[in-house]
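Engineer: test case, fold it:
(one chain, ligands or ions: 1)
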Amino acid sequence: MSEAALCTQRYTRTGFDFFGPWAEPSEVRALQNLLDAHPPVVKNPHLAIPEISRIVAAGVIRKAVSQLIGSELWVENTFLISKPPGEMQVPPHQDGVNSRLILDPGRSVTAWLAITPATVETGCVFVAPASHRHGYLPTKTADLPGRPLTIDGPVPQDWVAALIPAGHGLLMDSRLIHYSPPNASASPRIGLNVRYVAPGGITMRDGSAPTHLTRIQ
Ligand SMILES: O=C(O)CCC(=O)C(=O)O
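Structural biologist: Modelled structure (predicted):
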């Protein structure tokens with residue numbers, strides 16, 4: 001079986017897989033320097049920061065995502081988290097549902113890109129293997145700053161720490177339950193969440209057509 005087929009098989013079974021590197025070490029260092037001064041959360045940085053718009057179209061990422069959902073790719077959303085040392089955490093959630101939309105898991109995938117090393121100490125993402133098999137779960141707002149969405153129901157018991165070197169990444173099924181704990185190190189942990197969709201992969205809850213999509217060429 002080819003490496004690509006093995007990756008797809010792993011992703012289908014567990015709901016996640018690793019990939020990379022998506023950039024040269026010098027490019028990753030330049031990004032670290034650039035993003036160090038940014039606020040902890042930046043929504044849709046690919047629309048405002050040219051270096052990020054280049055990354056989301058990087059060949060290695062495009063190839064990995066295309067193997068899962070086909071070659072016509074659009075970016076639905078990006079989210080930059082520069083998690084400072086301290087309290088900031090992200091509760092268990094699924095990326096494919098929010099108050100505005102639902103993503104078709106067969107036509108969407110999240111790529112989480114480590115811009116600095118993601119380790120247990122720095123507050124890496126933890127994934128619940130095979131949790132995508134239960135579909136989308138009910139949600140509620142978490143009692144945390146910013147009132148993020150979290151799953152409403154039993155929280156999975158089995159978690160895997162997604163340990164990712166800077167310049168590498170994680171692919172997640174849109175239904176995969178994941179969270180990230182606080183950063184216990186002394187430096188910010190920077191990661192970029194990119195939601196890719198194939199045509200027809202988005203259903204807006206209000207019946208409108210999706211907007212602000214960026215085609216990956
Ligand atoms: O970057 C993080 O720590 C959390 C990432 C995450 O859960 C997400 O972007 O959906």
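
Engineer: anything in the helix or strand where residue 74 lies near the ligand?
Structural biologist: Residue 74 belongs to strand 73-83 when assigned by DSSP states H and E. Yes: judged by Cβ under 6 Å from any ligand atom, strand 73-83 comes into contact with the ligand at 79, 81, 83. Heads up, the C-betas are built off the backbone N, CA and C, glycines and all.

Engineer: spell out which parts of the chain neighbour the ligand.
Structural biologist: Residues of the chain found near the ligand, taking Cβ under 6 Å from any ligand atom as the criterion, are 79, 81, 83, 90, 95, 123, 125, 178, 180, 191, 193.

Engineer: which residues touch the third one?
Structural biologist: Under the criterion of Cβ atoms under 8 Å, 6 or more residues apart in numbering, the contact list for residue 83 reads 40, 122, 123, 180, 182, 183, 188, 189, 190, 191.

Engineer: likewise the fourth one?
Structural biologist: Counting by Cβ under 8 Å, 6+ apart, residue 90 makes contact with 81, 125, 148, 179, 180.

Engineer: how does it look with 7 Å?
Structural biologist: With contact set as Cβ atoms under 7 Å, 6 or more residues apart in numbering, residue 90 has these partners: 148, 179, 180.

Engineer: same check, this time on the first one
Structural biologist: Shown in contact with residue 79 (Cβ under 7 Å, 6+ apart): 43, 193.

Engineer: pLDDT at it, what is it?
Structural biologist: What the model reports as pLDDT for residue 79 is 95.

Engineer: likewise the fifth one?
Structural biologist: Here the pLDDT value assigned to residue 95 is 98.

Engineer: nearest residue to it in space, please, no chain neighbours.
Structural biologist: In space, residue 95 comes closest to residue 110 once its chain neighbours are excluded; the distance is 4.7 Å by Cβ to Cβ, 6 or more residues apart in numbering.
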